[in-house]
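Student: just coords:
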């Protein structure tokens, strides 16, 4: 044997080879060795004695027959230990392994075949095999549990990403629907639902009202589910788990607890924040996926809900509770803004009674156009608010111009044209309303650049302003004025068609005619008649001419001579007291007192009905 062969023959065996050697020596109670073939030639096996450091040829003791058998084992890639019988009580045991370099190694040697020893060894191996099988099963369950824990972490990470989805204006039910399907799959229940709570004013207790979102299929009707949650009691402010298949569950049923057919297990997590209960997350019936085992890790039972499900549901409920609280605060703020908006609109209409209801109609028509154009819910709502406030700048226009019954002079019209910029300046300091500035400032622009205040063209005009321009123009054309009647709808629509692409945006005009019936209904339903005569300006200080003077009216410094036929209605104002009588006087309440009605849930700003004062002999008092 050359030096290279001797060097390779004395390579240290791999750890796996040494482990197999120890197991075989213990099984056969014999000293065995390791066989290597460094030259990779048929029959060139060298026996490596673990007690010595040099190689030693063992061919004269085993012979070519044994070496050929070793070659055959390597070629076949035989797994486990193999025996080659030499005599009635002698054999060669061999097992194929690999060196650290991937070269084949044979572990084995001559053994004595003792039946009693082999039987004892087999029995021991059987016991060890049973223990190993149990350990493998436990290991598999631990791996499953570890995988489940990893899924929990992944879900909690995905749940945290839904925080971006939890925008304050989104209803909690909408957010719940985004996470319920994935949550149901993770905790493995047949149904997972979001149930809304309502407070009983008589008892002060919270009770289930209805299901606002669900993933999966309930095994019973919604009202039955509400009844199940209701019986848990108002004190249920923590996660509650009920398993009705076990002994405890059967005991609760025996005590008279209501358990509908199909209910096997239940987990309930309250959705609350700062002591306010908004509802519950309810998981119903644990799903059975995969084979049922009796492992200690499954001590609850395959169809029972445990702590993992309760923990995950609680985490989701906490997030939904925080969001529900934020949504509630947002709604309060939104109602405050809408209330302020209606107050401002009322202030405008109190000064310009002829446009009474105009802002409401423009707001509703603008929202309808935005919806027809496919804008988002938030964009539609912004356009609605902007429609209410689009003429807020008229607060800065003098009364003698704003309330003039006839045609305006060039100078007066120039003053009127400043109201968009005045309105923008007023709203610029109100942070929640700043997003409405484009519509307020540019709703009188024209797509051909002939509008005001900046002469913008085409897409330079914000979309909000282009939409409101159409709604504003249509309502102005169809509304009555003291110096003219409103146009017929057909004529106003014809003018819109003629101005498509020049005065008004073509897409918005197309949307107008696509929603024509809705817009006409808004325009007609929310009309309010203008007053028969202009209200007397509060700051009047000169003679006010009216037809057929016959009655002298005195005011404290100065006197104003006013005469009308059959005076009988006293109308006091801050600095002017006037006795006026007209055959019939129709006055909108908001126009006189600045009061506004509560907005309806559907339209947020329906126009209040007018009040008609009695003719001639009726006497009324109003304060401006």
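Tutor: Cool, got the structure. A quick note: this is a predicted structure, and the numbers were derived from the prediction, not measured.

Student: and the lengthiest helix in the chain, what does it pack onto?
Tutor: Using DSSP state H to assign secondary structure, the helix with the most residues in the chain is helix 115-161. Counting contacts by 3 or more Cβ pairs under 8 Å, 6 or more residues apart in numbering; DSSP states H and E, helix 115-161 is packed against helix 15-28, helix 172-187, helix 307-351. Placement of C-beta: from N, CA and C, glycine included.

Student: Which among those is found nearest to residue 82?
Tutor: Taking Cβ to Cβ, helix 15-28 is the member of the helices and strands packed on helix 115-161 nearest to residue 82, at 11.1 Å.

Student: buried sites along the closest one?
Tutor: 17, 20-21, 24-25, 27-28 (16 or more other Cβ atoms under 10 Å).

Student: Just the pLDDT for the residue most central in space within the chain.
Tutor: By Cα atoms, centre = their mean, the mean C-alpha position of the chain lies nearest to residue 175, the distance being 3.3 Å. Residue 175 carries a pLDDT value of 80.

Student: same deal with residue 385?
Tutor: 90.

Student: what's the answer for the one 10 residues further on, then?
Tutor: For residue 395, the model assigns a pLDDT of 87.

Student: Surely it touches residue 427?
Tutor: No: the pair residue 395 and residue 427 fails to qualify as a contact (Cβ atoms under 8 Å) at a distance of 11.4 Å.

Student: Can you tell me the number of residues neighbouring residue 203?
Tutor: Residues within reach of residue 203, counting by other Cβ atoms under 10 Å, total 9.

Student: In three-state terms, label it for me.
Tutor: Put simply, residue 203 is coil when judged by DSSP: H, G, I helix; E, B strand; the rest coil.

Student: where does it fall, phi/psi-wise?
Tutor: phi -100, psi -20 (degrees, to the nearest 10).

Student: just residue 241 next, same as before
Tutor: Dihedral angles for residue 241 - degrees, to the nearest 10 - are phi -120, psi 130.

Student: before we move on, the earlier item: who's more crowded, residue 395 and residue 427?
Tutor: residue 427 (22 against 16).

Student: The closest residue to residue 42 other than its chain neighbours: neighbour count?
Tutor: Nearest in space to residue 42, with sequence neighbours left out and distances taken as Cβ to Cβ, 6 or more residues apart in numbering, is residue 71 at 5.6 Å. For residue 71, the count of nearby residues is 18 (other Cβ under 10 Å).

Student: correct me, but residue 71 touches residue 43?
Tutor: Yes: the pair residue 71 / residue 43 is scored as a contact, 6.8 Å apart, by Cβ under 8 Å.

Student: For residue 396, give me its contacts.
Tutor: 418-419, 422, 426 (Cβ atoms under 8 Å, 6 or more residues apart in numbering).

Student: Redo the residues you listed as JSON lines? Include distance to residue 284 and secondary structure.
Tutor: Output for the contacts of residue 396, formatted as JSON lines (distance: Cβ to Cβ, whole Å; DSSP: H, G, I helix; E, B strand; the rest coil):
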{"residue": "418", "distance to residue 284": "64", "secondary structure": "coil"}
{"residue": "419", "distance to residue 284": "60", "secondary structure": "helix"}
{"residue": "422", "distance to residue 284": "60", "secondary structure": "helix"}
{"residue": "426", "distance to residue 284": "55", "secondary structure": "helix"}
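
Student: Specify which member of those residues is nearest to residue 486.
Tutor: Distances from residue 486 to these, taken by Cβ to Cβ, are shortest for residue 419, at 21.4 Å.

Student: mind listing what the closest one touches?
Tutor: 391, 393-394, 396-397.

Student: Would you show me how to pick out the buried ones of these in ChimeraX?
Tutor: Typed into ChimeraX, the line below selects the buried ones among these, using 16+ other Cβ under 10 Å:
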select :391,393,394,397
